[in-house]
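Enquirer: Structure of the sequence below:
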Amino acid sequence: MDAFYAAVEIRDNPALRGKALIIGALPHERGVVATCSYEARKYGVRSAMNIKEAHRLCPEGIYLHPNFEKYRAVSARLHSIWNEYAEAAEYIALDEAYLDVTKTAGNWEQACAFAKTIKSRILTELGLTCSIGVAYSKAAAKTASEEKKPNGYFEIPSAEDFVNLVMDRDVRVLYTVGAKTAEKLNKAGIYTIRHIRQKPDETIRLLGKQGRLLTKLAMGIDERRVVPYKPEDAKSISREFTFQADVNDFAFLRDALLLLAISVERRAEKVGLYGESATLKITYADMKTITRSKAIDATRSAGEIYKCSSELLEQIKPGPVRLIGVGIHRLTREQNRQLRLEDLFADEKSGQDIINDALISLRQRYGLDFAGNLDRIFTGEIFARTMEYMRKHR
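Expert: Coordinates of the predicted model:
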């Protein structure tokens, strides 16, 4: 999709059309740009840019917080359209996917017809534009989709066509090549796809397994298949939050962990997964990030996650904290807690009892009915507002 979040906001508020629209943090907040309209990109604003830098480049821009509930709803409709044509769909983000239409289309001409129909339906049914690339491989399809943005359509029928197109382009056009990899290659005199083809052994020496992949891609060879996403393929389920001012109060951080743990539980429930490891993430004011993990019996209980992450929090050194996060790792479909001898005699609270008692304590501290408003708290901007209210009123 073309500048997806921004495009949805413009569709729903036509007064934003033609304006430099930046979706992400607001200029006075900590955070980054999630996406921006093409008008904002003319000023040099880009996704993942620090919001202060974006505001320096585009002070007259319109800045909005993202509305993820809205974007997820639109994404579900997009997926519904895509799935009508694809044998397999590999979702890269809410608004991006690889579609395998080899069997459903049957031939190249029909595959191109499918692509044009999808493009038309998205515009007609959702009021949004998209850029589609039709190609013989995933790498070529990605390149084709970016060739004519925005609202583009491009075809790359063969490996020869792909190589001819990218031969003298920067190495970053290839899958897996980011700034650091490009820097390594550049130091060896490898700047373009042509250079990779001329120096395959050097590329492999520098990058190992990745280098072997790149030498194949530079020849137009990409054997990767479209693999439908499965929730259990994820490495973790987590939630984190960046405070608008550094926090030194670790008692408050434990309160923040409670809401984050409940959010993780809800996300895990949606996909039917449990975690065999709980993880705490802390970023200090100096941007140093640490993570601490602890093995647990497979669970998605917010009470267990909160208890474990609170214990991990007690083990880290004090200091001003910018970001806190919690998650579960080593995901599984099975909840396989083993009964232990001490369980027969233990008088410990259940995970739900831990949460209920903690929510009562939060109400006493902050004067808010957390237990009665959990569904609201985890929607849209309300979560961020709640966390900031707690920080200011601790």
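Enquirer: Only the buried residues of whichever strand or helix holds L259, if you could.
Expert: Using DSSP states H and E, L259 maps to helix 250-271. For helix 250-271, the neighbour count (16 or more other C-beta atoms under 10 Å) marks 252-268 as buried. C-betas here are computed from N, CA, C, even on glycine.
Enquirer: what does stretch 226-240 give?
Expert: Buried-residue list, stretch 226-240, by 16+ other C-beta under 10 Å: V226, I237, S238, R239.
Enquirer: do stretch 60-75 as well
Expert: Buried-residue list, stretch 60-75, by 16+ other C-beta under 10 Å: G61, I62, Y63, L64, P66, N67, Y71, V74, S75.
Enquirer: can you tell me the helix or strand for Y43?
Expert: Here Y43 is assigned to no helix or strand, by DSSP H and E.
Enquirer: Could you tell me how many residues sit around it?
Expert: Around Y43 there are 17 other residues, counting by other C-beta atoms under 10 Å.
Enquirer: middle-most residue in the protein, spatially?
Expert: With distances taken as C-alpha atoms, centre = their mean, the residue of the chain nearest its centroid is A93 (6.8 Å).
Enquirer: For that residue, give the beta-bridge partners.
Expert: E96 (DSSP bridges).
Enquirer: how does this protein divide up, domain by domain?
Expert: According to automatic domain parsing, the chain comprises the domains 4-66, 232-393.
Enquirer: give the contact list for I324.
Expert: E240, F241, F243, V247, L253, A256, L257, L260, L280, K281, I282, T283 (C-beta atoms under 8 Å, 6 or more residues apart in numbering).
Enquirer: Those residues into a markdown table, with extra columns for distance to R30?
Expert: Converted to a markdown table, the contacts of I324 look like this (distance: C-beta to C-beta, whole Å):
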| residue | distance to R30 |
| --- | --- |
| E240 | 13 |
| F241 | 11 |
| F243 | 7 |
| V247 | 12 |
| L253 | 16 |
| A256 | 15 |
| L257 | 19 |
| L260 | 17 |
| L280 | 20 |
| K281 | 16 |
| I282 | 15 |
| T283 | 11 |
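Enquirer: how about the residues you listed, which pair is most distant?
Expert: Using C-beta to C-beta, the two most remote members of these are F243 and L280, lying 15.5 Å apart.
Enquirer: neighbour count winner among those two?
Expert: Neighbour count, other C-beta under 10 Å: between F243 and L280, L280 has more, with 25 against 21.
Enquirer: For that one, which phi and psi angles does the backbone take?
Expert: Main-chain dihedrals, L280, degrees, to the nearest 10: phi -110, psi 140.
Enquirer: so it bridges to which residues?
Expert: Beta bridges link L280 to R292, V326, judged by DSSP bridges.
Enquirer: still on that earlier bit, could you single out the most deeply buried of the domains of the chain?
Expert: Highest mean neighbour count among the domains of the chain (mean count of other C-beta atoms under 10 Å): domain 4-66, with a mean of 18.
Enquirer: Quick check: mean pLDDT of that domain?
Expert: For domain 4-66, mean pLDDT rounds to 97.
Enquirer: Could you do stretch 280-294 as well?
Expert: 97.
Enquirer: Run through who's touching that stretch.
Expert: Against stretch 280-294 from outside (C-beta under 8 Å, 6+ apart): 238, 240, 242, 246, 257, 277-279, 308-309, 311-313, 315-316, 319-327, 329.
Enquirer: just stretch 188-203 next, same as before
Expert: Contact with stretch 188-203 is made by 163, 166-171, 173-174, 185, 206, 211, 214-215, 218-219, as judged by C-beta under 8 Å, 6+ apart.
Enquirer: what's the answer for stretch 325-336, then?
Expert: 231-232, 234-241, 257, 260-261, 264, 268, 272-282, 293, 297-300, 305-306, 309.
Enquirer: And for stretch 129-147?
Expert: 1-2, 7, 98, 111-112, 115, 118-119, 122-123, 148-159, 161-162, 165-166, 173-175, 217, 220, 222-224, 226.
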